[in-house]
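Asks: Predicted structure and sequence below. I'll ask about it afterward.
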Amino acid sequence: EGTDWDQYGVGKYEKCSNCMVHCGFEGTAATDAIRNPLKMFTVGRKGIRTEGPMAPDIDISNARKAEDVHSTHVERELERIKNADPEGYKRVQRAA
C-alpha cells in the first residue's frame with residue numbers, strides 16, 4: 001500500500017476537518033484504557049464528565065486543501081460528456 005497516512009487526519013487535510021468518521025480515535029481510547037485502568041475504573045464508577053473545560057480544538061487553519069472535490073469532478077465529467085457526445089450532454093442537462 002502506498003498511502004502516506006501522516007498526510008491525513010484532523011488538522012492535516014481539509015476533508016478530515018469535519019469528518020464524522022472517527023477512524024483512529026477509538027483505537028486511541030482503547031490504548032488509553034489499557035494503559036490507565038484506574039482512569040477507566042473511575043469513568044465506570046462516576047460516569048463520563050460533562051461539566052468543566054473541554055479539550056482544546058485542533059487547529060485546522062494549516063490543513064492542506066482537498067485534492068478531489070466532488071463539484072470539480074462533476075464539472076470535469078460534464079465537460080467530457082459535452083465534448084464526446086453533445087446529444088448526451090443535452091440529455092444530462094435536461095435530467096438535472
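Replies: That came in fine, so what should we check first?
Asks: Give me the distance between the residue lying farthest from the centre of the chain and Gly44.
Replies: Largest separation from the mean C-alpha position in the chain: Glu87, at 37.6 Å (Cα atoms, centre = their mean). Glu87 sits 66 Å away from Gly44, going by Cβ to Cβ, to the nearest Å. Placement of C-beta: from N, CA and C, glycine included.
Asks: what does Thr72 give?
Replies: Distance from Thr72 to Gly44, by Cβ to Cβ: 48 Å.
Asks: Asp32 is in contact with Glu26, isn't it?
Replies: No: between Asp32 and Glu26 there is no contact under Cβ atoms under 8 Å: 10.6 Å.
Asks: and the longest helix seen in the chain, which residues are buried?
Replies: Criterion DSSP state H: the longest helix present in the chain is helix 70-84. Under the neighbour-count criterion of 16 or more other Cβ atoms under 10 Å, helix 70-84 has Ile81 buried.
Asks: go on, stretch 88-96?
Replies: For stretch 88-96, by 16+ other Cβ under 10 Å, it's Tyr89.
Asks: Averaged pLDDT, that stretch. What do you get?
Replies: Average pLDDT, stretch 88-96: 83.
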